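Enquirer: coords below, sequence missing:
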Ligand SMILES: Cc1cc2nc3c(=O)[nH]c(=O)nc-3n(C[C@H](O)[C@H](O)[C@H](O)COP(=O)(O)OP(=O)(O)OC[C@H]3O[C@@H](n4cnc5c(N)ncnc54)[C@H](O)[C@@H]3O)c2cc1C
């Protein structure tokens, strides 16, 4: 499935809050410290990852199955 | 390689498993009594569980004047809603006597309960056959982080990213729990004379209409750990056969129904008829179960698709719905509308009957049986929130959580309970926690779960018969045999494997309950095609438990 959690790494400050806040343990940091959605098919589309994002750099893009 | 590494042993007075709406309030309440408290969650507590991203309705009795706004009227309504299968004495003790105080407390810590900022007043709506406006429309987006901060500042020790697999027993009493850190593999042993279970609803057991199993009504990350652990520890589970459904937007897991009907929205079929009126005299104002029930028959009889229709509402009402309710309840609601190209002022919103689950919603009669002190039938083991039978939507879970924390603390303060861990038993439980890492990893967890969804939807879903349920039981048994090749290679998958095993156990209990209950009740929740009527002789609760390894089932009379 395509990745529904689009993180703008140009804006991201690598604070780790999205990884910390995801209720499903889906977001991880890569070796460079950038967050990424490791388990796209387990996303609840809840938005918790973006709610406290200090850079407002996360967008939820629904996969075709939802739309 | 992911493996069992360090062992962390933590002792406390009260252990709370699950740091959601109920668990966090339980922790705060026990801590306020001066005890040492640990709150453990597989996620990060600040945003976890059903309230992770916000809720918009806070059910409360405020005694503001009218007859309906009194504990008596509320209790009478709740009894009708639950058909007497929930003990009003429990609801009075854990909810109506506490809820006004809880609203005040939340206002004091900065939760915006009065969204009518012009008049500094509550906006209240009613739904689900309530006699009056019990639902405060509030801004719950920061509820979770604020309450979590309160708990930590009060001295609650929060243990994050630790998945609990089993309870520890000392003779008849529960005295702790075992788990593992999902990121680093540390094993955790908790020792506590009182344990409160608060891991919420049971999601992901049924086929999801969108084909995406995690796109679920209530949190897909809650999978019945509490119910499974309580059962294995010998506690009574109640009415497991009632699986619940709601109406959600087409292919989207938003619990929008309360907001829509609370504002006076309609539910219509493709002929434009407000069909719910055919199935219940209160139409969209009836109990929740009547709406998926009616929708089921409309679709079956060829009058679908069906829709939410809010086009007749005033501009002000629509504004309220689209600003203060729908996107507060489900943070991504407006993204869904925008990406789908929907304008609710002009367009109908297509709906579906969601996947079945044991959700944490108002009126649920299913879960761990508790008494007025939130104690299960096992000493030392308490339960609160969506996993227990009392009152378990957001406000209910928070109130009953607080009550459970106080009761557990009172017991510990009253009776000094000596706890001693049996190291042999601990080693056994630890081995069970990490066992999937050692299994042949031949079956992916998602496929195992997919098979579970198939069995549950086909044989234990909407419309049940003796033969179908028996087939379901056989299929579940075959699936159980496959756990021997259901392996894991990292902590995340290890967690999912344990979730799957818990869901499988509960699926079996649901099926057995459904087979035993030879009647139909609560609409689609339990509709037996071979016993289509509600039977007064079945106006009882079914309790299931495990006594010395033997599954037991008993009928318990409804509450007078
Ligand atoms: C989108 C949405 C909107 C809602 N809106 C409303 C509303 O407006 N009004 C209302 O009254 N109700 C609403 N509800 C329902 C309400 O949120 C729930 O009733 C309530 O949060 C249940 O509380 P709980 O503590 O039982 O479970 P939760 O708050 O879900 O907490 C359970 C916790 O247990 C943890 N956990 C699970 N398993 C384990 C394990 N094995 N080990 C460790 N931790 C574990 C989870 O990570 C989670 O943090 C809504 C639900 C959803 C999903």
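Expert: Alright, I've got the coordinates. Remember, it's a predicted structure, so these values are computed and weren't measured experimentally.

Enquirer: how far away is residue B:174 from residue B:65?
Expert: As judged by CB to CB, to the nearest Å, residue B:174 and residue B:65 stand 45 Å apart. Every residue, glycine included, has its C-beta placed from N, CA and C.

Enquirer: neighbour-wise, which of those two wins?
Expert: residue B:174 (26 against 8; other CB atoms under 10 Å in any protein chain shown).

Enquirer: Let's verify the more buried one: helix, strand, or coil?
Expert: Here residue B:174 is recorded as strand under DSSP: H, G, I helix; E, B strand; the rest coil.

Enquirer: again, but for residue B:351
Expert: strand.

Enquirer: Could you report the pLDDT at it?
Expert: For residue B:351, the pLDDT comes out at 98.

Enquirer: pretty sure it contacts residue B:307?
Expert: Yes: Residue B:351 is within contact range of residue B:307, at 6.1 Å (criterion: CB atoms under 8 Å).

Enquirer: Can you name the residue of chain A nearest the ligand?
Expert: The ligand sits closest to residue A:23 of chain A, with a gap of 6.1 Å, by CB to the nearest ligand atom.

Enquirer: how far away is residue B:358 from chain A?
Expert: Separation of residue B:358 from chain A (CB to the nearest CB, to the nearest Å) stands at 17 Å.

Enquirer: mind listing what residue 51 touches?
Expert: Since you didn't name a chain, this refers to chain A. By CB atoms under 8 Å, 6 or more residues apart in numbering or on different chains, residue A:51 lies in contact with A:21, B:47, B:53, B:54, B:141, B:331.

Enquirer: nope, chain B
Expert: B:20, B:21, B:140, B:143, B:144, B:394.

Enquirer: How much space separates the first one from residue B:374?
Expert: What that stands for is residue B:20. Relative to residue B:374, and taking CB to CB, residue B:20 is found at 15 Å.

Enquirer: Then the third one?
Expert: For residue B:140, the distance to residue B:374 under the criterion CB to CB works out to 23 Å.

Enquirer: Need the phi and psi values for residue B:294.
Expert: Per-residue torsions, residue B:294: phi -60, psi -40 (degrees, to the nearest 10).

Enquirer: What spatial separation is found between it and chain A?
Expert: Residue B:294 is 25 Å from chain A, by CB to the nearest CB.

Enquirer: What's the local residue count around the residue lying closest to that residue once chain neighbours are set aside?
Expert: Spatial nearest neighbour of residue B:294, chain neighbours left out: residue B:279 (3.9 Å); criterion: CB to CB, 6 or more residues apart in numbering or on different chains. Residues near residue B:279, counting by other CB under 10 Å, number 18.

Enquirer: For residue B:279, give me its contacts.
Expert: B:286, B:290, B:293, B:294, B:297.

Enquirer: Out of those residues, who's the most crowded?
Expert: Most crowded among these, counting by other CB under 10 Å, is residue B:294 at 26 neighbours.

Enquirer: Do you know the pLDDT at that one?
Expert: 98.

Enquirer: Residue B:194 and residue B:411 touch, don't they?
Expert: Yes: applying CB under 8 Å as the test, residue B:194 and residue B:411 come out as touching, 6.1 Å apart.

Enquirer: Which of those two has more residues huddled nearby?
Expert: Per other CB under 10 Å, whichever of residue B:194 and residue B:411 has more neighbours is residue B:194, with 31 against 18.

Enquirer: Tell me what that one is bridged to.
Expert: residue B:14 (DSSP bridges).

Enquirer: Now do the same contact list for it.
Expert: B:13, B:14, B:15, B:380, B:382, B:408, B:409, B:411, B:412, B:417.

Enquirer: shouldn't the last one be in contact with residue B:193?
Expert: Yes: taking contact to mean CB under 8 Å, the distance of 3.9 Å between residue B:417 and residue B:193 places them in contact.

Enquirer: Spit out the residues that contact these two alike.
Expert: B:173, B:380.

Enquirer: what do residue B:351 and residue B:307 both touch?
Expert: Shared contacts of residue B:351 and residue B:307, counting by CB under 8 Å, 6+ apart, come down to residue B:267.

Enquirer: picking up where we left off before, can you pick out the most distant pair from the contacts of residue B:51?
Expert: Greatest spatial distance in the contacts of residue B:51: B:20 and B:140, 12.8 Å, computed using CB to CB.

Enquirer: Between the two, which is the more surrounded one?
Expert: Neighbours around residue B:20 and residue B:140, counted as other CB under 10 Å, are more numerous at residue B:20. The numbers are 32 against 23.

Enquirer: Many thanks, I have nothing further to ask.
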